[in-house]
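**Student:** sequence and computational prediction follow.
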Amino acid sequence: MRRYFGRKLLLYGLTFFVAVTINWMIPRFMPGDPVSTMLARRTVNDPAAYEQMRVYYSDLFGLDKPIWEQYLNFWGSLLQGDFGISVWAFPTPVGSVILSALPYTLALVIPAVLLSWVVGNWFGAFAARRKLLDSAVLPVGYLLTAMPYMWLAALLAWVLGVVTGWFPFAGGYSFSRTPELTWPFIQDLIMHWVLPFLSLFLVALGGWAIGMRNMIIYELDSDYSNYLGALGAPNRLIRRYAFRNAMLPQITGLALQLGVIVAGAVVTEIVFAYPGLGLTILRAIQNLDFFLLQGVFLFIVVGVLIANFVIDVVYLLVDPRTRIGVA
Amino acid sequence: MTALQEITTREAESASGPSRDWLHFAVRNKKLVIGTLIILLFLCIGVFGPLLARSGSAYDFVGPRMEPPSSEFWFGTTLFGQDIFAQFVYGVRNAFMVGLFGGGVAAIVGMVVGFLAGYRGGWVDEVLSMITNVVLVLPSLAVLIVVNAYLGIRSIPAQALFIGLTMWPWAARAIRAQTFSLRSRDFVDLARLSGSGTGRIIAREIAPNMSSYLVMMFILMFGGAILTAASLDFIGLGPTEGVSLGLMLQHASVNSALPLGLWWWFVPPGAAITALVGAMYVANVGLDEVFNPKLREM
């Protein structure tokens, strides 16, 4: 067990190190001057303010120091939680821009991922080897997984937002409201949450259903299922054992899919102008705000690493073989 | 029928080479046939469509604004009077480019890493597996966003190259596992005893025995590359030169095509991606059933 966690933590530490190094390397080794590119888009009327920004960012990049010192300084400020100051939202620090967007993304992604995983697995397990259901679940599942997230999102916004007017389809809450802890505001928040959640949920659902269906079919063909069947065990019992075994690859699959889920969340937020990290990325790109972009990148990487670790712990609880060090 | 299948598969296994039986099952597999037909349909659109489209750039302002689909403009026109059919056919063509090139790069890197790690084992495997896992854990779209934002990707091949470079770990992991199980087989030992080098053993003995697997891997990455490219285009990090289905979606979305009722601008590119990628997934399952007798529906 210690070996299992040791390897995993080494992997995550290394990944974080690589991510930070990529972040540091790209602006320094790309052609051109990142500071002037970044500030070129910015129309600052006051020359003094512009000069102040230029000095600040040049200093932040620390381009006049030797490479290794730049690299160490980069780590130093990072570990102090200093991501620099956003160009787009000048003079707000990148950290606080991200922290104000983070709750929206988490509130969207976590329920969508968990619910789609549970419901998808349930559908898939139920449909496997049941001819009629299977012929419905399979094509729908493939259609959903093949859909670009933003396309389904925009169609949902159109049908359930524009045409029927059931749900608001832009923003995290109505413009007329100010964030406060009152019931009408929370209601407003939830109404704005429904459509982005639904589109994330639906696209992810298909993949889980198909994965589970295929795993169940595989497990039902395995020796232990045949043996149980030969002993005269009821089908329900065999399916229950198959389901428990089929869960393991689905848990691993959840970890592997995290990157895809992040991508889906980013474009979905953009479609609905939902004020999470995805929309922050869009703003950063539109304003060439590289500090903000890099800050969001690191936050996403850390989020994915934490999620991976949680899944590892769950796997440890579910699969006894990892505990005694067989697998 | 069941017995017959058992015999043919056993023969195929003992021959340990590609057998012609798979064709027999391939043409009888509905999923494979339907999936392949849809892919071929889009391939025809991508290859011959541009011949039917109006000459000139797909971004030229050739018609009236916001024209619904008509006999003159098959897919209608955009808010600015561009021919959507022209954009669509070039977009489909470029989707194949991205899939082929991005999936190809990922397949090549994945094969090199996977074969080496699986066949050599030991510290080579340790190092390569660690690299593979690191790239696998890194959320690829986030990496692509940072890289593309700084480098400012211009062309579609460049975009595909970067997508391929983030996607290979999937292939590498699977190929490594397969190679691992093949490398201790008798025929590989025999090749080693007769003095073949690593490269030759991998190319002659190991790769052919998992060729079906490699094909399926490539198909999946082909579809994955198209989806990733569409996401990047939609965020506004698409190629600045050329047309793509993702860029069409982005332009339609930025210009609020759906709220304005211009569904013919927004629906076709997304539908094409869904149909093409979905067909690939379905064909892939079909292939799996053809090559793996256990999965065949009896």
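**Tutor:** Yep, it's here. Numbering: from 1, shown residues only, chains lettered A, B, ... in the order given.
**Student:** show the average pLDDT along stretch A:289-300.
**Tutor:** Computed over stretch A:289-300, the mean pLDDT rounds to 87.
**Student:** repeat for stretch A:218-234
**Tutor:** Averaged across stretch A:218-234, the pLDDT comes to 89.
**Student:** and that stretch, how far apart are its ends?
**Tutor:** Terminal residues of stretch A:218-234 are spaced 18 Å apart (CA to CA, to the nearest Å).
**Student:** list the buried residues of it.
**Tutor:** Using 16 or more other CB atoms under 10 Å in any protein chain shown as the test for burial, stretch A:218-234 gives A:218, A:219, A:220, A:225, A:228. In this view, the C-beta of every residue, glycine as well, is placed from N, C-alpha and C.
**Student:** how about stretch B:108-127?
**Tutor:** Buried residues in stretch B:108-127, counting neighbours by 16+ other CB under 10 Å, are found at B:109, B:110, B:111, B:112, B:113, B:114, B:115, B:116, B:117, B:118, B:119, B:125.
**Student:** with stretch B:149-166 instead?
**Tutor:** B:149-150, B:153, B:156-166.
**Student:** follow-up on the earlier one: in helices only, show me the buried residues of stretch B:108-127.
**Tutor:** B:109, B:110, B:111, B:112, B:113, B:114, B:115, B:116, B:117, B:118, B:119, B:125 (DSSP state H).
**Student:** next up, the contacts around the first one.
**Tutor:** Right, residue B:109. Remark: with contacts taken as CB atoms under 8 Å, 6 or more residues apart in numbering or on different chains, residue B:109 is in contact with B:164, B:165, B:168, B:171, B:172.
**Student:** for the second one, helix, strand, or coil?
**Tutor:** Each residue gets one of three states, and residue B:165 gets helix by DSSP: H, G, I helix; E, B strand; the rest coil.
**Student:** any idea how far it is from residue B:26?
**Tutor:** Between residue B:165 and residue B:26 the computed distance is 32 Å (CB to CB, to the nearest Å).
**Student:** hang on, residue B:253 packs against residue A:267?
**Tutor:** No - here residue B:253 does not reach residue A:267: they are 9.8 Å apart, not a contact under CB atoms under 8 Å.
**Student:** who's more crowded, those two?
**Tutor:** Here residue B:253 and residue A:267 are set side by side on neighbour count (other CB atoms under 10 Å in any protein chain shown), and the busier one is residue A:267, at 30 against 21.
**Student:** now, among the contacts of residue B:109, which is nearest to chain A?
**Tutor:** If you rank the contacts of residue B:109 by distance to chain A using CB to the nearest CB, residue B:165 comes first, at 12.2 Å.
**Student:** leaving out sequence neighbours, find the closest residue to the closest one.
**Tutor:** Leaving out its chain neighbours, the residue that sits closest to residue B:165 by CB to CB, 6 or more residues apart in numbering or on different chains is residue B:105, at 6.4 Å.
**Student:** I'd like the buried residues of stretch B:108-127 as a markdown table, with pLDDT appended.
**Tutor:** Formatted as a markdown table, the entries for the buried residues of stretch B:108-127 read as follows, by pLDDT from 0 to 100:
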| residue | pLDDT |
| --- | --- |
| B:109 | 95 |
| B:110 | 94 |
| B:111 | 93 |
| B:112 | 92 |
| B:113 | 94 |
| B:114 | 92 |
| B:115 | 92 |
| B:116 | 91 |
| B:117 | 91 |
| B:118 | 89 |
| B:119 | 89 |
| B:125 | 90 |
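**Student:** give me the residue from the stretch 1-150 of chain A nearest chain B.
**Tutor:** Nearest residue of the stretch 1-150 of chain A to chain B: residue A:146, at 3.4 Å (CB to the nearest CB).
**Student:** quick one, what contacts that residue?
**Tutor:** B:223, B:227, B:273, B:274, B:275, B:276, B:277, B:278, B:280, B:281.
**Student:** closest one of those residues to residue A:191?
**Tutor:** Of all these, the one with the least separation from residue A:191 (CB to CB) is residue B:274, at 27.8 Å.
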